[in-house]
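Trainee: Quick one, structure for this:
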Amino acid sequence: MQETIIIIGGLSAGPSAAAKARRLSEDARIILFEKTRYISYATCGIPYSLSGAIKDREKLMVVKPDLLTQRFNIEVRLEEEVIEIIPEEKKVKTSHGDYSYDKLIYATGASPFIPPIKNLNEAKNWSNCRTIDDFDKMIGDGVVSNKKSITVLGAGLIGMEVSENLIESGKEVNLVELAPQVLPPWDTKFADLAESVVKSHGVKVYKGTTISSIRLKGDEIYEVVLGNGEVLKTDYLIFGLGGRPNTQMLTSKGAEHLPNGALLVNEKMETTLPGIYAAGDCVSIKNLITGKHDYFPMGTHSNKGGRTAGANAAGGNEIFKGAYATAIVKVFDYTLARTGMNPKALEKAGIPYDSTLIVTGCSAGFYPGSKDMIIEIYYHKDSGLLLGAEAFGEKGVDKRIDVYSTAIYAKLTVEDLPNLDLAYAPMYSPAKDAVIVSGFVAGNKRKKACDDINADGLESFMQLNSEVAYTLVDVRNPQEIATEGMIPYAVNLPLDQLRERLSELPADKPLITYCARGLRGYLAARILLNHGFSEVRNLSGGFKTWAQLGMPIVHETVES
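Mentor: From the prediction side, this is the model:
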């Protein structure tokens with residue numbers, strides 16, 4: 001007897017499930033319902049179409065319905081919305097009729113969150129940025145052709161990408177974020193680095209507030225009023241906020257879910273309702289670090305989850321183990337990336353951790369075009385198990401974050417990192433790759449070879465202690481200081497003179513060393529420790545990280 005597999009949702013997980021189910025079963029009847037006119041388009045490409053980086057709208061259409069029909073023998077029902085699921089009868093009701101199923105795959109995604117904003121319902125010059133219909137509306141409304149000043153609400157991945165591409169298309173951009181930082185999931189220092197870049201390109205950033213109301217001329221927004229009272233002139237409003245899982249059809253039938261509505265599924269993508277699978281932005285999958293269900297609305301997981309659901313609905317036996325929050329975003333000429341858990345997530349989960357920050361080149365220093373990367377890794381305080389990493393730089397960030405992601409999956413410790421056999425040629429990496437160096441530095445820290453302090457920690461330490469309570473030692477050369485400045489209250493003892501000038505340093509005060517990027521500061525700290533100075537720390541990331549984070553700088557040498 002022919003089995004029927006019904007799939008609800010045609011964006012990412014649904015078509016992936018349909019194609020995989022067909023590859024495993026030539027006999028099953030497979031029906032895919034999509035309430036809109038389109039399936040399988042690249043939502044992540046929409047911001048880049050606003051700037052013309054992607055010039056042809058058709059490039060966003062990844063899979064055409066005819067391909068699923070002709071190549072995979074899928075019955076694609078466009079503009080036919082499923083309005084009810086009756087699990088006990090194995091039946092779905094649509095706007096066109098009733099259909100029975102043997103297995104159901106639920107891939108309905110998420111709907112954009114739109115906060116309550118006074119007068120928004122009377123306005124027409126605004127849009128979300130999640131669907132191809134949103135893109136068509138923005139183009140039809142003249143966002144690219146005739147709007148000048150645009151406000152973007154939400155500084156997550158979507159909001160940052162939209163802001164950048166609007167700037168690239170010649171617009172004035174206001175970026176509004178309720179959280180105290182842009183890119184809220186990132187550690188604050190990395191978010192601040194990204195913010196400094198977008199500001200340098202002309203984006204006006206408003207944090208810790210949101211839009212409370214809009215002012216209209218007729219049905220057109222001309223001003224937005226922020227919760228802090230500021231008023232911003234604007235010709236258009238774009239929402240770059242997160243989504244809410246579309247799961248009411250199943251949660252109302254008793255399907256278990258997270259507080260945000262995301263369905264609980266097991267490794268086979270089975271929901272808690274018999275015969276019903278789910279995948280995509282409507283589900284929660286296991287966090288492979290914590291072992292608990294988490295919400296990771298990313299296209300990568302939608303495709304893998306859909307593939308797994310389709311295989312198992314067609315009689316297969318495949319699993320999708322889960323994820324751990326790997327993400328990457330382009331920030332003009334820079335890249336910001338992360339994987340695993342950072343301090344926010346680790347503290348929330350109650351996991352004891354330590355961290356190591358380094359600044360190192362993406363390629364050999366002698367090879368033309370080498371650029372620095374700022375990388376911080378997070379690891380279990382006791383075992384050294386790698387738990388997360390974040391990285392920022394102009395080149396090479398994507399490669400390193402993927403290595404860290406792989407190391408997390410393999411459950412490597414920081415001591416394992418230096419043993420990785422990574423590809424080397426001068427144009428791609430220093431002989432000691434950034435991943436290797438981070439393992440060396442973290443290993444030294446765990447062996448108590450040298451304590452470190454990051455820029456945030458140093459700033460707090462300086463605020464809590466007068467400059468006479470400690471000594472900050474700048475071990476760079478005087479020429480570097482003359483060009484770049486130095487941290488307030490520091491004394492300059494160049495590394496190569498340090499052994500001869502130890503008598504200039506107090507033996508009864510904490511000493512904090514720093515250089516340009518961290519290595520010479522570490523060497524200086526080791527010299528001091530080997531000569532009997534007991535309380536010595538090195539500034540991780542050195543002066544470069546301090547300066548990039550906008551910390552105070554003076555342009556005169558403070559003599560000891």
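Trainee: Helix or strand for the closest residue to residue 376 other than its chain neighbours, just tell me which one.
Mentor: Of all residues not flanking residue 376 in the chain, residue 357 sits nearest, at 4.2 Å (C-beta to C-beta, 6 or more residues apart in numbering). Quick note: C-beta positions are derived from backbone N, CA and C, even for glycine. Here residue 357, judged by DSSP states H and E, is contained in strand 353-361.
Trainee: That strand - what's its average pLDDT?
Mentor: For strand 353-361, mean pLDDT rounds to 96.
Trainee: Show me how far that strand is from its chain's centre.
Mentor: What separates the centre of strand 353-361 from the centre of its chain is 18 Å, taken as C-alpha atoms, centre = their mean, to the nearest Å.
Trainee: what's the answer for stretch 463-479, then?
Mentor: Counting by C-alpha atoms, centre = their mean, stretch 463-479 is centred 35 Å from the centre of its parent chain.
Trainee: Buried residues in it, which are they?
Mentor: 470, 471, 472, 473, 474, 475, 476, 477 (16 or more other C-beta atoms under 10 Å).
Trainee: Please enumerate the helices of the stretch 351-500 of the chain.
Mentor: 397-409, 434-446, 455-464, 478-484 (DSSP state H, counting those that start in this stretch).
Trainee: Any idea which of these gets closest to residue 530?
Mentor: helix 434-446 (13.9 Å; C-beta to C-beta).
Trainee: which residues in the stretch 401-550 of the chain form strands?
Mentor: With DSSP state E, counting those that start in this stretch, the ranges of strands along the stretch 401-550 of the chain come out as 451-453, 471-474, 490-492, 511-514, 536-539.
Trainee: Not counting sequence-adjacent ones, nearest residue to the residue nearest in space to the middle of the chain?
Mentor: Geometric centre of the chain, nearest residue: residue 327, 3.9 Å, by C-alpha atoms, centre = their mean. In space, and not counting its chain neighbours, residue 327 is closest to residue 338: 5.5 Å by C-beta to C-beta, 6+ apart.
Trainee: Helix, strand, or coil at the one you found?
Mentor: strand (DSSP: H, G, I helix; E, B strand; the rest coil).
Trainee: picking up where we left off before, what sits against the residue nearest to residue 376?
Mentor: Neighbouring residues of residue 357 by C-beta atoms under 8 Å, 6 or more residues apart in numbering: 374, 375, 376, 452, 454, 518, 540, 541, 545.
Trainee: what's the longest helix seen in the chain packed up against?
Mentor: Looking across the chain with DSSP state H, the single longest helix is helix 299-313. Here helix 299-313 touches strand 4-8, helix 13-24, strand 103-106, strand 276-278, strand 283-286, going by 3 or more C-beta pairs under 8 Å, 6 or more residues apart in numbering; DSSP states H and E.
Trainee: Could you dump the ones you listed into a markdown table with distance to residue 370 added?
Mentor: Listed next are the helices and strands packed on helix 299-313 as a markdown table, based on distance: least, C-beta to C-beta, whole Å:
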| stretch | distance to residue 370 |
| --- | --- |
| strand 4-8 | 49 |
| helix 13-24 | 39 |
| strand 103-106 | 48 |
| strand 276-278 | 46 |
| strand 283-286 | 38 |
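Trainee: In CSV: these, plus mean neighbour count, mean pLDDT and distance to residue 255.
Mentor: Shown next, in CSV, are these (neighbours: other C-beta atoms under 10 Å; pLDDT from 0 to 100; distance: least, C-beta to C-beta, whole Å):
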stretch, mean neighbour count, mean pLDDT, distance to residue 255
strand 4-8, 26, 98, 13
helix 13-24, 26, 97, 16
strand 103-106, 28, 98, 9
strand 276-278, 30, 98, 8
strand 283-286, 24, 98, 10
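Trainee: for these, which one sits closest to residue 31?
Mentor: strand 4-8 (5.2 Å).
Trainee: Mind jotting down where the strands sit in the stretch 101-250 of the chain?
Mentor: 103-106, 110-112, 126-128, 149-153, 172-177, 204-207, 211-217, 220-226, 231-233, 236-239, 243-245.
Trainee: sorry, back to before: single out the most deeply packed of the helices of the stretch 351-500 of the chain.
Mentor: helix 434-446 (a mean of 22; mean count of other C-beta atoms under 10 Å).
Trainee: For that one, what does the pLDDT average out to?
Mentor: Rounded mean pLDDT across helix 434-446 is 96.
Trainee: Please name every helix or strand in contact with it.
Mentor: Helices and strands touching helix 434-446, as assessed by 3+ C-beta pairs under 8 Å, 6+ apart, comprise strand 353-361, strand 372-380, helix 397-409.
Trainee: Of all the ones you listed, which one is nearest residue 6?
Mentor: Comparing those by C-beta to C-beta, helix 397-409 comes nearest, at 33.3 Å.
Trainee: Just want the angle from the closest one to strand 372-380.
Mentor: Orientation of helix 397-409 against strand 372-380 (axes from the mean of the first three to the mean of the last three C-alpha atoms, to 10 degrees) gives an angle of 10 degrees.
Trainee: Need the contact partners of helix 397-409.
Mentor: 288-289, 324, 326, 328, 335-340, 362, 373, 375, 377, 386-389, 391, 416-417, 420, 422, 428, 433-435.
Trainee: Report the buried members of those residues.
Mentor: Buried, going by 16+ other C-beta under 10 Å: 288-289, 324, 326, 335-340, 362, 373, 375, 377, 386-389, 391, 416-417, 428, 433-435, out of the contacts of helix 397-409.
Trainee: residues touching residue 420, list them.
Mentor: Contact analysis of residue 420 by C-beta under 8 Å, 6+ apart lists 403, 407, 435, 436, 439.
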